[in-house]
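Only the shape, not the letters, is given here:
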């Protein structure tokens, strides 16, 4: 097959125009084409009065050799890449020590799936509950202000990605097309087939719940074992004859002990107690940059009109998204993060006496408001230089301020954008209704955030209003705080995917500092599972890229 990229057609094109454009690009006749299929579809809305659909298509020809020779200088006509997944090892009778995966979020889920498909019968531990029970606990916080520190937006089957927009795209380099393996497994588990072709696919929370359950059943059918409500409180490390630290086992919160020589650490970005435990156990961890800020909400119709003009509401385009950033005069960069079209702002804390927010959408993206994080990048050297765990302390400090500013009842502090720019506290809402539950308290968000972040955000919001008309509307609502953009620590690993100083421990995903979002975390889970699989089978671990 040949893959043609950058095929551009008007938004409202007729169906027959796409095959006609294929023939025109390749300079062939209808008789030359056996079949074609859309590999990817995106839209270009930079000119909202001339929105175009941009296709990549795979074409099967009766004789492709002369066409490929004729088009050899055209970078947009190439052989279709092989995106099929190839296992690095497989066995039907594995008798060695079972690998253990800590965490059942996207990274742990795919690490467990690949290990199970290789025949290694992994044990998957998660401190939280199965996804349906976890959902009930999460709604208890949203509806009644009742927090379960072990079962919430952050902890439990499916991880933090379950309560999100379910975005399935990233900017990672992926020469092996592992993202395709992720998407195919999701479709097998019940995701809509469109995720295989849309440029910016998403799933939404309700669909993710059933998909996670389906994938758990697949892993168990292959011999994998889940143990929920099982928190790892310690690791057992021994020094071998060569002076190397090696994993021996895991100490569990209930007093139990699990022998484990190969452990995938996929705990997510909010497992703060686990980070402390690892540091205390001598595992190498280091502080890493992350971002802090707030959630900003506008009516989705405002964003649709600003981005799509007269085409707002078009079913092909769906709810409009945005990605914006601004480098402020004080040297800080403010940017949108995890934009959720047609979604809600949700309570995302996992610790008592603290408030943190996140964004969530359903597959339909048909809620009233658009929201995104409006955050400012920070880094250890400038902002939390006091050791590898100092970023956690900063997160907690900001979240505690937000808890108090919100009324000390898990209501979130909120402020109108106009008041935020003017430096005055808000006392009432305007035309935009915030979606956060259990509720908001109007106040001054500058009470919660560092001055440099407030300064950068004020400057950026004005600039964003120039880029997206109406973005800086004074009635837009800011809800605080957004602190869980990524892990504030990195559990650093080597090229063999093992901890720098603890063999048999494989840091993975967002919590280890090696991913950001569902897709990149899942891909990282695959890579780490491959390294573990090779180690379990006694092979030398080659560098897997």
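Yes, it's here. Keep in mind that this is a model prediction, so the values were computed, not measured.

ok, and for the longest strand belonging to the chain, which residues are buried?
Counting residues, the longest strand found in the chain (DSSP state E) is strand 333-347. Neighbour counts using 16 or more other CB atoms under 10 Å place 334-347 of strand 333-347 among the buried residues. Where you see a C-beta, it was placed from the backbone N, CA and C, and this is true even at glycine.

between these, which is closest to residue 27?
Nearest to residue 27 among these, counting by CB to CB, is residue 341 at 39.6 Å.

could you list every residue that touches the nearest residue to the closest one once chain neighbours are set aside?
Spatially, and ignoring its direct neighbours in sequence, residue 341 is nearest to residue 319 (3.5 Å; CB to CB, 6 or more residues apart in numbering). Residues near residue 319 by CB atoms under 8 Å, 6 or more residues apart in numbering: 300, 303, 304, 341, 342, 365, 366, 370.

Quick check: the two most widely separated of those residues?
So, those by CB to CB: farthest apart are 303 and 366, at 13.5 Å.

for the stretch 151-300 of the chain, what spans make up the helices?
178-188, 205-221, 272-280, 300-308 (DSSP state H, counting those that start in this stretch).

burial measure for residue 60, as a count.
Residues contacting residue 60 under the criterion other CB atoms under 10 Å number 13.

Surely it touches residue 35?
Yes - taking contacts as CB atoms under 8 Å, residue 60 lies within contact range of residue 35: 5.0 Å.

So for residue 303 and residue 366, which residue has more residues nearby?
Remark: of residue 303 and residue 366, residue 303 carries more neighbours, 24 against 13, as counted by other CB under 10 Å.

Test my guess that that one contacts residue 317.
No - if you go by CB under 8 Å, residue 303 and residue 317 don't touch, sitting 11.6 Å apart.

ok, now which ones touch residue 400?
Contacts of residue 400 (CB under 8 Å, 6+ apart): 353, 354.

same question, residue 229
Neighbour list for residue 229: 126, 127, 128, 129, 150 [criterion: CB under 8 Å, 6+ apart].

where's the fourth one, which helix or strand?
Spelled out, it's residue 129. Residue 129 is part of no helix or strand when elements are defined by DSSP states H and E.

what about residue 270, how many neighbours?
Counted with other CB under 10 Å, residue 270 comes out at 27.

and what of residue 17?
14.

now the one 4 residues further on
Burial measure for residue 21: 17 neighbouring residues, criterion other CB under 10 Å.

TSV for the helices of the stretch 151-300 of the chain, including distance to residue 64 and mean pLDDT?
Shown next, in TSV, are those (distance: least, CB to CB, whole Å; pLDDT from 0 to 100):
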stretch	distance to residue 64	mean pLDDT
helix 178-188	22	97
helix 205-221	37	93
helix 272-280	53	98
helix 300-308	38	97
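
Pipe those helices into CSV and attach distance to residue 53 per row.
CSV is the format used below for those (distance: least, CB to CB, whole Å):
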stretch, distance to residue 53
helix 178-188, 20
helix 205-221, 25
helix 272-280, 44
helix 300-308, 13
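
so which of those comes closest to residue 408?
Among the helices of the stretch 151-300 of the chain, helix 272-280 sits nearest to residue 408 (CB to CB), with 20.8 Å.

Tell me the one of the contacts of residue 229 nearest residue 111?
Using CB to CB, those come closest to residue 111 at residue 126, 12.4 Å.

what number of residues lie near the closest residue in space to that closest one that isn't next to it in sequence?
Leaving aside its chain neighbours, residue 126 sits nearest to residue 104 (4.0 Å; criterion: CB to CB, 6+ apart). When neighbours are counted by other CB under 10 Å, residue 104 registers 33.

Isn't residue 104 up against residue 158?
Yes - with contact defined as CB under 8 Å, residue 104 and residue 158 form a contacting pair (6.9 Å).

So, low pLDDT: which residues of the stretch 351-500 of the chain?
By pLDDT under 70, the stretch 351-500 of the chain contains no weakly predicted segment.

OK, contacts around residue 184?
85, 196.

Look up how far residue 120 lies from it.
21 Å (CB to CB, to the nearest Å).

centre of the chain versus the lengthiest helix in the chain, how much separation?
Using DSSP state H, we find that the single longest helix of the chain is helix 518-536. Its chain's average C-alpha position is 16 Å from that of helix 518-536, according to CA atoms, centre = their mean, to the nearest Å.

now stretch 47-65
29 Å.

again with stretch 186-203
So, by CA atoms, centre = their mean, the centroid of stretch 186-203 is 15 Å from its chain's centroid.

Would you mark the buried spots in it?
Those would be 186, 189, 190, 191, 195, 196, 197, 198, 201, 202, 203, for stretch 186-203 by 16+ other CB under 10 Å.

okay, now the closest residue to the third one other than its chain neighbours: neighbour count?
Read it as residue 190. In space, and not counting its chain neighbours, residue 190 is closest to residue 211: 5.0 Å by CB to CB, 6+ apart. Residues near residue 211, counting by other CB under 10 Å, number 23.

Relative to residue 124, how far out is residue 211?
16 Å.

again, but for residue 48
46 Å.

out of the two, which sits in the busier spot?
Set residue 48 next to residue 124 and count neighbours by other CB under 10 Å: residue 124 wins out with 29 against 15.

residues contacting that one?
With CB under 8 Å, 6+ apart, residue 124 has these contacts: 100, 101, 104, 108, 112, 219, 224, 225, 226, 227.

Quick check: closest non-adjacent residue to the first one.
Translated: residue 100. Nearest one to residue 100, counting by CB to CB, 6+ apart, is residue 260 at 4.3 Å.

Quick check: that neighbour touching residue 252?
No - checked against CB under 8 Å, the pair residue 260 and residue 252 is beyond contact range at 10.8 Å.

Which one's more surrounded, the two?
A side-by-side neighbour count of residue 260 and residue 252, using other CB under 10 Å, places residue 260 first with 24 against 17.

circling back to that earlier point, please tell me the pLDDT value assigned to the residue nearest to residue 341.
Per-residue confidence (pLDDT) for residue 319: 96.

Show me which of the contacts of residue 229 is closest to residue 525.
Checking these one by one against residue 525 (CB to CB), the nearest turns out to be residue 126, at 13.8 Å.

give the contact list for that closest one.
102, 103, 104, 108, 155, 156, 157, 226, 227, 228, 229, 230.

and the gap between the residue nearest to residue 341 and residue 371?
From residue 319 to residue 371 the distance is 11 Å (CB to CB).

swap in residue 300?
Relative to residue 371, and taking CB to CB, residue 300 is found at 9 Å.

Ok, residue 339 next?
Per CB to CB, residue 339 is found 8 Å from residue 371.

what sits in contact with each of those two?
Contacts common to residue 339 and residue 371, judged by CB under 8 Å, 6+ apart, are residue 359.

Show the pLDDT at the residue nearest to residue 91 when sequence neighbours are not counted.
What sits nearest to residue 91 in space, not counting adjacent residues and going by CB to CB, 6+ apart, is residue 119, at 4.3 Å. With respect to pLDDT, residue 119 scores 97.

Enumerate every residue touching residue 119.
Neighbours of residue 119 in contact, by CB under 8 Å, 6+ apart: 90, 91, 92, 93, 94, 222, 223.

Tell me the most packed of these, by neighbour count.
Busiest of the contacts of residue 119 [other CB under 10 Å] is residue 94, holding 19 neighbours.

Would you check that residue 258 makes contact with residue 236?
No - judged on CB under 8 Å, residue 258 makes no contact with residue 236 at a distance of 9.3 Å.

which residues do these two both contact?
Common neighbours of residue 258 and residue 236 (CB under 8 Å, 6+ apart) are 249, 250.
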